[in-house]
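Asker: turn this into a model:
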Amino acid sequence: MRDKTQTNSAEPGDRLIRVGAIVFFLGALATLVTVAPLFLHAKPFPTYMFGLSMLMGVGFLIAGAGVLRSIAAGRRQARAGR
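Answerer: Take a look at the predicted model:
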């Protein structure tokens, strides 16, 4: 049947979810790098490193937007199928 979804097909919002995950993990890495000197009793990093830690939240929002876009596309597809 041709109406089945293929496993490798890209749905609306998939790219946003992937980009959001990458940005989130970059923010998590920046957070670990920023917090490490506190435990190692070393000189703290500059303030902009704390700003890079905010990438975790940005990535979470991007991925959330991708999920919402996927949900909206699924609803449109379900309405068109009726």
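
Asker: which residue is the nearest non-sequential neighbour of the most centrally placed residue in the chain?
Answerer: Within the chain, one residue has its C-alpha closest to the average C-alpha position: by C-alpha atoms, centre = their mean, that is residue 20, at 1.9 Å. Take residue 20 and drop its neighbours on the chain: the residue closest to it by C-beta to C-beta, 6 or more residues apart in numbering is residue 63, 2.9 Å away. Where you see a C-beta, it was placed from the backbone N, CA and C, and this is true even at glycine.

Asker: now do the same contact list for the one you found.
Answerer: By C-beta atoms under 8 Å, 6 or more residues apart in numbering, residue 63 lies in contact with 16, 17, 19, 20, 21, 24.

Asker: around the third one, how many other residues sit close by?
Answerer: Okay, so that is residue 19. 15 (other C-beta atoms under 10 Å).

Asker: check the fifth one too.
Answerer: Burial of residue 21, expressed as a neighbour count using other C-beta under 10 Å, amounts to 15.

Asker: name the element it belongs to?
Answerer: Under DSSP states H and E, the secondary-structure element containing residue 21 is helix 14-40.

Asker: and that helix, what's buried?
Answerer: Neighbour counts over helix 14-40 (16 or more other C-beta atoms under 10 Å) mark 16, 17, 20, 23, 24, 26, 27, 30, 31, 34 as buried.

Asker: export those to a markdown table and append columns for pLDDT and distance to residue 69.
Answerer: Putting the buried residues of helix 14-40 into a markdown table (pLDDT from 0 to 100; distance: C-beta to C-beta, whole Å) gives the following:
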| residue | pLDDT | distance to residue 69 |
| --- | --- | --- |
| 16 | 94 | 6 |
| 17 | 94 | 9 |
| 20 | 96 | 11 |
| 23 | 96 | 16 |
| 24 | 96 | 17 |
| 26 | 95 | 22 |
| 27 | 94 | 21 |
| 30 | 91 | 26 |
| 31 | 91 | 27 |
| 34 | 89 | 31 |
